[in-house]
Structures are given as C-alpha cells and as structure tokens.
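# return a 3D structure for these sequence lines:
(one chain, ligands or ions: 1)
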Amino acid sequence: MKDSYDVVIAGGGPAGSTAAIVLARAGFRVCVLEKDRHPRFHIGESILPRTMLLLRQLGLEQAVLELTHVTKLGAEFGFGNDHRTRKFSFADGLVPGSSVFNIERSKFDKLLLDKAREAGAEVFEGRPVKGVTRLQENAVEVETAEGPVSGRLLLDASGHGTVVGRALKLRRNFEDPELQKVAYFQHFENVERPPGNESGHPAIFMCDEGWFWVIGLSETKTSVGFVTRPSFAKSLNVSPSRLLQWAVSRCPVVRHRMRDATGPAENLVLADFSYRCRPYAGPGYFMIGDAACFLDPIFSNGVTLAMMGSAHTAELAAAMLRGETSARSARARHVRYIERGTRPFWRLIRAYYKHSFRELFVHGTGPLQMPGAIISVLAGQVFPQQPWKLRWRHAAFDFCVWLQQYHALSPRRSPFHLVNEEPHELPLITGLAGSVMSPAQKPSAAAAQ
Ligand SMILES: Cc1cc2nc3c(=O)[nH]c(=O)nc-3n(C[C@H](O)[C@H](O)[C@H](O)COP(=O)(O)OP(=O)(O)OC[C@H]3O[C@@H](n4cnc5c(N)ncnc54)[C@H](O)[C@@H]3O)c2cc1C
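So this is what the prediction gives:
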C-alpha cells in the first residue's frame with residue numbers, strides 16, 4: 001500500500017469498480033478498499049439496456065457476455081392472481097433499447113473489480129473502511145484495521161454502508177411509508193419461464209401487499225423475491241426466513257411458475273430501502289451509486305444508475321484533479337447528474353404504488369406513443385437527462401394515472417390481496433439442501449423483524 005493516493009474509493013461494487021477503472025486508466029493512483037472478498041453474493045441481478053452502451057465504451061462488453069447470463073430483451077408485469085400478463089420489448093421503446101442481461105452479481109461484480117485491478121488500481125479486499133478521519137479539499141484520510149489510508153479525494157461507493165453519509169450524518173430515509181420496504185429472496189432451480197425471446201424477461205407480479213420478482217439467471221437458475229412493507233411483515237406471525245414461502249404459497253401465478261421448482265425453504269432478507277445522503281458531494285468527497293441514494297428496486301435501475309453515475313463522476317474527478325475544472329463546478333455537475341438520472345425513476349416508483357398506475361400499465365396501450373416513452377425510461381434512457389420526447393409523454397402518462405382514479409381509461413382490475421388467499425405449499429421447496437447462497441454469501445443487512 002502506498003503512503004498516499006490520488007483517489008481512495010470505499011467499496012468495490014459496480015459503482016466503485018467503474019470509477020476505479022476510469023480513473024486508473026486515466027493514470028491516477030487509485031486505491032479501492034472493499035469490505036468483503038469477491039466473489040460475494042449481492043442482490044440486484046437484472047440490468048437495464050442503457051448499461052450495455054457504457055460497458056461497450058469501457059471495453060467490457062465482451063468479457064461480461066462471456067460470464068453465465070440470460071439475455072434480457074424486455075420485461076413482464078402482471079397481477080399475482082392473473083396469468084394474462086403484459087410483456088413488453090425494449091425494441092418497442094421510443095428510444096429503441098438494445099438487449100441486455102440478467103446475471104449473478106457475484107460473477108459480475110468480481111469481473112468489474114478484477115478489471116479495476118487490471119487497469120492499475122490497487123484493490124484491497126477484506127478491508128472495510130472503519131471511519132473517515134479527514135475530509136478536506138485535496139486531503140482525505142480513512143481508517144482501516146491495517147491503518148490509515150490517505151489521498152486527495154474520497155469516492156464513497158460503499159452502497160448501503162454509506163460510509164460518508166453516516167460519518168457526516170447525512171443519511172435520510174424517505175418519510176413516505178410506501179417507500180420503506182423489506183425483501184425476501186432466494187435462488188431456485190426449474191422455475192418456469194416464458195418460452196423463446198421472452199425467457200429472459202424479468203417478471204414482476206403485483207399484489208396489494210407488495211410485489212414478487214422472478215428473474216432467470218442461467219438456463220435453470222432463477223432468482224425469486226417478495227418485497228413488502230415492514231409493517232405488513234411484522235403483522236404476520238411468520239419467521240422472516242420463511243416469509244418468501246408464505247407469500248409464494250398465496251400467489252397463484254408465482255406458485256404456478258414454481259410448481260416444479262427445487263430449492264431451499266429458507267430465504268434471505270434485506271431491509272433498509274429508499275434513502276438519500278444529500279449533499280452528494282462536498283469538500284474532499286463524492287458519493288456514487290447506492291452510497292448517494294437508493295431507490296425502491298421495482299424497476300431494476302440500481303446497477304445502471306450506479307455505473308452511469310460513477311463513470312460520469314470519475315471523469316469529473318479526473319478533470320478536477322488535473323486542475324481543469326474547479327471542485328465547486330465538479331460537485332455541482334455531479335449532483336445535477338444524480339438528480340436528473342434518478343428523477344424519472346422516482347416518478348415511476350411513486351406512481352407504481354397507486355392502483356390506477358397498475359391498471360394502466362398492465363393494459364399496455366395508449367395514445368401519443370406514451371407506452372413507448374415509458375418503455376424507454378424503463379430501459380434507462382435518461383442520461384444525462386430524460387430527452388424531451390420522453391419527458392412530456394411521461395408527464396402525460398402521470399396525468400393519465402391521476403385521471404384513471406376517477407375515470408376508467410383502461411379496464412378496472414380489482415386489487416389482489418395475498419391475505420385473502422388459501423395457501424398451497426410447494427411440494428419440492430422443502431429443505432436447505434441445494435441452497436445456492438451459502439451462509440458466507442448472505443447479505444449483511446439485518447432482517448426487518
Ligand atoms: C431487493 C433488491 C433488489 C434489487 N434488484 C435490482 C435489480 O434487479 N437490478 C439492479 O440494477 N439493481 C437492483 N437492486 C439495486 C442494486 O443492488 C444496487 O443499486 C447496486 O448494487 C448498487 O451498486 P453500488 O456499487 O453502488 O453498491 P453495492 O453493489 O452495494 O457495492 C458496495 C460495496 O461496498 C462495500 N462496502 C460496504 N461498506 C463498506 C465499508 N465500510 N468499507 C469498504 N467497503 C464497503 C460492500 O461490501 C459492497 O461490495 C436491488 C436492490 C435490492 C435491495
């Protein structure tokens with residue numbers, strides 16, 4: 001380890017690795033401090049099409065596609081009690097989207113971190129940042145178990161660890177209880193998927209209590225999760241590690257797709273959703289990826305936002321360290337990029353929790369190319385900002401969601417409540433045998449109950 005670096009990066013997930021690749025290739029002395037050792041389990045397995053262009057620009061597309069993955073050409077949405085779902089293709093977007101992939105994050109994240117090392121970054125795994133001891137313009141220092149590490153700039157890419165956010169007490173949860181969530185998830189074998197081009201579509205099945213995801217990760221492996229409100233989970237007398245089973249057994253569509261599935265009876269749990277740490281940059285630091293803010297994961301935007309944002313911030317940081325731009329201007333541009341990139345998703349997420357949105361969305365048609373515009377937002381075509389042709393249609397769509405509450409623009413659908421359903425256990429989901437996530441890979445976030 002050197003005495004001092006140009007850039008110290010806390011966290012070696014997609015945000016930290018992307019920034020390290022860009023900065024190390026630009027000739028800066030970069031140090032990445034990662035708490036875990038890769039490969040390690042991480043949730044967030046479905047990627048948005050906009051990421052492909054970035055991977056291509058970074059020269060990483062081929063290497064990523066050589067990893068086991070499932071090609072993703074669109075997505076599927078539906079109600080948990082109705083087998084007629086809406087499937088859409090990114091090719092139908094107003095800004096046509098490319099194909100992308102679903103992938104196990106352990107493999108994807110390891111590849112990115114290895115590429116950061118290859119680019120010249122010094123990567124230290126199993127080395128958590130314990131604290132921030134200095135945070136000034138051009139002089140930063142963090143504490144690790146092996147001693148202090150100093151540099152000119154700190155990039156906080158520690159995800160939910162929010163190293164700088166916690167040190168400066170900037171982390172705020174959203175007050176809207178609808179945005180506080182807990183997720184229960186596991187990997188299974190032999191979950192049914194749609195045939196052909198649609199087999200890689202991540203599927204979202206909605207219910208009044210929350211939503212399920214079903215995401216193919218390889219020919220046979222599928223990630224299944226249930227996201228709900230912590231208050232609802234607490235109201236059930238069910239162990240958190242059995243809550244996915246509780247929910248699947250009451251959801252006709254997911255249960256049907258999992259009728260021949262095998263896998264562990266126990267699920268993993270992740271709480272702690274939807275926060276931000278403003279300001280996203282200050283003297284000596286930039287926050288990138290989830291370390292800056294975390295949005296409800298319903299539309300699978302986390303990795304795309306993390307990688308797009310960190311590549312942009314790395315360019316700004318490089319210009320700043322070379323003296324080509326002022327720190328003040330770099331910070332302002334960083335903040336603007338995050339705000340503009342996240343805004344369209346926030347709007348969709350808030351709308352998603354209204355039943356009228358679901359009625360319109362599942363119906364899937366509409367005038368003025370509104371569906372095509374929404375598909376493009378869902379593909380991540382919002383950088384550096386949502387283009388005008390998407391923006392006004394998105395606003396028109398918001399208006400339709402509001403109007404649908406009072407006047408049926410698309411057919412009415414009754415909400416579907418899990419609690420009203422008779423449970424039917426899945427015959428093959430019985431024991432822990434065959435678990436694809438070993439205890440060492442388990443998420444560190446605490447269970448919500
Ligand atoms: C239930 C759920 C489902 C999701 N589904 C999707 C999805 O389908 N698609 C999608 O794109 N996104 C999804 N996401 C979001 C996605 O997981 C994140 O947005 C993404 O991982 C952000 O990348 P990051 O690099 O910012 O953070 P992370 O990937 O979390 O990486 C942060 C890294 O920092 C390390 N770290 C933490 N603390 C410290 C410390 N003190 N010192 C050093 N290192 C530290 C961690 O070990 C980790 O490796 C989902 C999230 C949740 C909760």
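# from here on, contacts and neighbour counts on C-alpha atoms
Noted.
# which residues touch the helix or strand of the chain with the lowest mean pLDDT?
When each helix and strand of the chain is scored by mean pLDDT, DSSP states H and E, helix 355-363 comes last, with a mean of 85. Residues from elsewhere that reach helix 355-363 (C-alpha atoms under 8 Å, 6 or more residues apart in numbering): 77-78, 85-86, 351-352, 401-402, 404-405, 409-413, 415.
# neighbouring contacts of the top strand by length along the chain?
Counting residues, the longest strand found in the chain (DSSP state E) is strand 147-156. Contacts to strand 147-156, defined as C-alpha under 8 Å, 6+ apart, come from residues 3-11, 16, 135, 137-143, 162-164, 284-288, 291.
# ok, and which of those reach the ligand?
Among the contacts of strand 147-156, the ones lying near the ligand by C-alpha under 6 Å from any ligand atom are 10, 11, 16, 163, 291.
# how about the residues you listed, which pair is most distant?
16 and 163 (12.8 Å; C-alpha to C-alpha).
# who's more crowded, those two?
Set residue 16 next to residue 163 and count neighbours by other C-alpha atoms under 10 Å: residue 16 wins out with 33 against 26.
# average pLDDT across the host helix or strand of the more buried one?
Taking DSSP states H and E as the criterion, residue 16 maps to helix 14-25. When pLDDT is averaged over helix 14-25, the result is 98.
# what does stretch 304-321 give?
For stretch 304-321, the per-residue pLDDT averages 98.
# may I see the buried residues of that stretch?
304-318, 320-321 (16 or more other C-alpha atoms under 10 Å).
# cool, and stretch 23-40?
23-25, 28-36, 38, 40.
# before we move on, what about stretch 120-137?
So stretch 120-137, judged by 16+ other C-alpha under 10 Å, has buried residues 120, 121, 122, 123, 124, 125, 127, 128, 129, 132, 135.
# ok, and what's touching that stretch?
Residues contacting stretch 120-137 (C-alpha under 8 Å, 6+ apart): 1, 10, 20-21, 24-25, 29-38, 113, 116-117, 140-145, 152-154, 163-164, 167, 283-285.
# follow-up on the earlier one: in helices, which of the contacts of helix 355-363 fall?
351, 352, 401, 402, 404 (DSSP state H).
# how deep is the last one tucked in, by neighbour count?
When you say that, I think you mean residue 404. 19.
# what do you get for the first one?
Residue 351: 17 surrounding residues under other C-alpha under 10 Å.
# gap between it and residue 365?
17 Å (C-alpha to C-alpha, to the nearest Å).
# hang on, the earlier thing: and for residue 16 and residue 163, which residues touch both?
Common neighbours of residue 16 and residue 163 (C-alpha under 8 Å, 6+ apart) are 10, 156.
# write a PyMOL command that selects only the buried members of the contacts of strand 147-156.
Selection of buried members from the contacts of strand 147-156 for PyMOL, criterion 16+ other C-alpha under 10 Å:
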select buried, resi 4+5+6+7+8+9+10+11+16+135+138+139+140+141+142+143+162+163+164+284+285+286+287+288+291
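# just the ones of the contacts of strand 147-156 in helices?
Those of the contacts of strand 147-156 lying in helices (DSSP H): 16, 163, 164.
# you'd agree the second one is up against residue 291?
What it means is residue 163. Yes. With contact defined as C-alpha atoms under 8 Å, residue 163 reaches residue 291; the gap is 7.4 Å.
# up against the ligand, what does the stretch 201-350 of the chain have?
So the stretch 201-350 of the chain meets the ligand at 289, 290, 291, 297, 300, 301, 302, 303, 304, 306 (C-alpha under 6 Å from any ligand atom).
# the same query, at a cut-off of 5 Å, please.
For the stretch 201-350 of the chain, the contact set with the ligand under C-alpha under 5 Å from any ligand atom comprises 289, 290, 297, 300, 301, 302, 303.
# do the same with the stretch 1-150 of the chain
Going by C-alpha under 5 Å from any ligand atom, the residues of the stretch 1-150 of the chain near the ligand are 10-15, 34-36, 44-47, 128-129.
# low pLDDT regions in this structure?
1-2, 272, 427-428, 430-449 (pLDDT under 70).
# mind checking how far the closest residue to the ligand within the stretch 301-449 of the chain is from residue 316?
Scanning the stretch 301-449 of the chain for proximity to the ligand using C-alpha to the nearest ligand atom identifies residue 302 as nearest, at 3.1 Å. Distance of residue 302 to residue 316, given as C-alpha to C-alpha: 21 Å.
# cool, and residue 49?
Taking C-alpha to C-alpha, one finds residue 49 at 24 Å from residue 316.
# residue 368: how many residues sit nearby?
10.
# contact partners for it?
residue 393.
# that one in helix, strand or coil?
The local conformation at residue 368, judged by DSSP: H, G, I helix; E, B strand; the rest coil, is coil.
# the chain: helices as residue ranges?
Under DSSP H, the chain gives helices at 14-25, 50-57, 61-65, 105-119, 163-167, 230-235, 243-248, 252-257, 302-321, 327-352, 355-363, 370-378, 388-404.
# just the CA trace of the first one, in CSV.
I take that to be helix 14-25. These are the backbone C-alpha positions of helix 14-25, laid out as CSV (Å, rounded to 0.1, in the frame of the first residue of the first chain):
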residue,chain,number,x,y,z
PRO,A,14,-20.3,-1.8,-9.6
ALA,A,15,-20.0,1.9,-8.7
GLY,A,16,-16.6,1.7,-7.0
SER,A,17,-15.1,-0.6,-9.7
THR,A,18,-16.4,1.5,-12.6
ALA,A,19,-14.9,4.7,-11.1
ALA,A,20,-11.6,2.8,-10.4
ILE,A,21,-11.4,1.6,-14.0
VAL,A,22,-11.9,5.1,-15.4
LEU,A,23,-9.6,6.8,-13.0
ALA,A,24,-6.8,4.2,-13.1
ARG,A,25,-6.9,4.2,-16.9
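# starting at the chain centroid, how far to that helix?
18 Å (C-alpha atoms, centre = their mean, to the nearest Å).
# separation between residue 19 and residue 127?
18 Å.
# contacting residues for the residue nearest to residue 376 when sequence neighbours are not counted?
Nearest residue to residue 376, sequence neighbours excluded (C-alpha to C-alpha, 6 or more residues apart in numbering): residue 93, at 4.8 Å. Residues in contact with residue 93 (C-alpha under 8 Å, 6+ apart) are 371, 372, 373, 374, 375, 376.
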